[in-house]
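Novice: Build me a model from this:
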Amino acid sequence: MSLPVFLELVEMKAKTASVFPFIIGMCFSAYYLHHLNWPLAIIFFIAMFLFNMAVDMMDNYNDYRHAIDTVNYKRKTNIIGRENLNPNLVLGLLLAFSIVAAIMGIYLVVKAGLPVLWMGIFCFLVGIFYSSGPHPLSGLPLGEFFSGFTMGFMIILISVYINSYQVFQWNWSTIWRLIVIALPDQLWISNLMLANNLCDMQEDENNHRHTIIHYIGIKNGLIAYSVKNVIAMVLIVVSPFIGIAPWTVLLTILIIPFVYKQTRLLIHKQVKSETFLSGVRTLLVGSATQAVSYLIGILIIRLMH
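Specialist: Next up is the predicted model:
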């Protein structure tokens with residue numbers, strides 16, 4: 001298996017969906033809770049990244065095995081059939097990645113406590129059932145919610161907890177602030193799946209996958225996509241005013257024209273090879289700008305003191 005094929009198999013182009021939530025979680029912990037645990041944070045990042053790759057391999061593996069359209073999708077679209085990969089090799093890789101991630105997770109539980117276990121179990125279950133079982137989450141109307149909530153909110157929550165478990169308090173005051181800081185990423189990640197489902201509507205129908213687009217249609221799907229982009233930007237602008245982010249995050253408003261342009265591209269045409277990347281770009285630029293502007297603010301504060 002060549003490196004480019006492996007990178008496509010693990011959906012490396014979409015890994016911003018986990019990297020930037022991790023960074024935002026660290027920033028929140030440093031800025032609001034004044035705590036960082038670098039060794040545990042690095043271990044969590046590696047475990048998270050490995051399991052993220054395993055989930056994407058599992059997604060491709062299960063789509064290949066359960067494909068009803070064996071002529072076009074299984075042999076020409078799915079990377080396992082298109083690149084003549086050995087399904088057993090893919091299965092072995094995803095199991096190995098998952099086991100290593102689980103072992104690292106157990107170490108984090110020993111160091112930071114049982115909350116890591118319960119949060120980790122939830123993420124593992126969502127990752128497994130995202131593309132497995134008789135009714136995979138990715139083929140249901142709930143797919144967008146679970147992908148956004150798990151990758152957006154849960155990664156930020158675990159990142160914050162790992163870095164501040166000594167002072168972290170499980171109360172509404174902390175949780176609602178985390179919701180505000182995490183929701184932009186959660187919405188952009190769910191929009192990535194929504195863009196995928198908008199572009200794949202006919203292919204999903206052919207393979208009997210009833211995503212949310214099956215129920216609400218293309219037009220309402222595009223409206224939802226646009227509204228979520230607007231809400232994400234509004235929440236980022238609000239965050240400094242409620243004391244959970246430095247004022248530098250307001251630099252994120254500079255990307256509004258870019259987000260608007262990418263949204264228009266998807267509204268105009270829903271073709272996987274041409275416009276799905278608009279969702280990837282919005283997630284990448286939006287999450288990166290929020291994370292980097294947050295980090296810049298923290299560095300400025302540190303330099304001033």
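Novice: Tell me which residues touch residue 75, please.
Specialist: Applying C-beta atoms under 8 Å, 6 or more residues apart in numbering to residue 75 gives the contacts 81-82. For the C-beta atoms, the positions are set from N, CA and C on the backbone; glycine is no exception.
Novice: and the gap between it and residue 83?
Specialist: Residue 75 sits 11 Å away from residue 83, taking C-beta to C-beta, to the nearest Å as the criterion.
Novice: how about the helices of the stretch 101-250 of the chain, start to end?
Specialist: With DSSP state H, counting those that start in this stretch, the ranges of helices along the stretch 101-250 of the chain come out as 114-129, 143-148, 155-164, 172-199, 201-206, 212-238.
Novice: Comparing the ones you listed, which comes out most buried?
Specialist: helix 155-164 (a mean of 26; mean count of other C-beta atoms under 10 Å).
Novice: I'd like the average pLDDT over that helix.
Specialist: If you average the pLDDT over helix 155-164, you get 97.
Novice: Tell me the gap between that helix and the middle of its chain.
Specialist: Relative to its chain's centre, helix 155-164 lies at 15 Å (C-alpha atoms, centre = their mean, to the nearest Å).
Novice: And for stretch 55-72?
Specialist: Centroid separation between stretch 55-72 and its chain, computed with C-alpha atoms, centre = their mean, is 20 Å.
Novice: mind checking which of the helices of the stretch 101-250 of the chain is nearest residue 269?
Specialist: Evaluated over those, closeness to residue 269 peaks at helix 172-199, with 9.0 Å, by C-beta to C-beta.
Novice: avg pLDDT for that closest one?
Specialist: The average pLDDT within helix 172-199 is 95.
Novice: do the same with stretch 219-239
Specialist: 97.
Novice: outside of the lowest-mean-pLDDT helix or strand in the chain, which residues touch it?
Specialist: Using mean pLDDT, DSSP states H and E, the weakest-scoring helix or strand in the chain turns out to be helix 201-206, at a mean of 80. Helix 201-206 is contacted by residues 68-69, 73, 77, 139, 197, 210-211, 213-214, 218, 270 when judged by C-beta under 8 Å, 6+ apart.
Novice: could these be laid out in a markdown table, adding distance to residue 147?
Specialist: Formatted as a markdown table, the contacts of helix 201-206 follow (distance: C-beta to C-beta, whole Å):
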| residue | distance to residue 147 |
| --- | --- |
| 68 | 23 |
| 69 | 23 |
| 73 | 21 |
| 77 | 20 |
| 139 | 12 |
| 197 | 11 |
| 210 | 16 |
| 211 | 11 |
| 213 | 14 |
| 214 | 17 |
| 218 | 20 |
| 270 | 19 |
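Novice: which of those lies closest to residue 9?
Specialist: Lowest distance from residue 9 to these (C-beta to C-beta) belongs to residue 77, with 13.5 Å.
Novice: contacting residues around that closest one?
Specialist: If you count contacts by C-beta under 8 Å, 6+ apart, residue 77 has them with residue 203.
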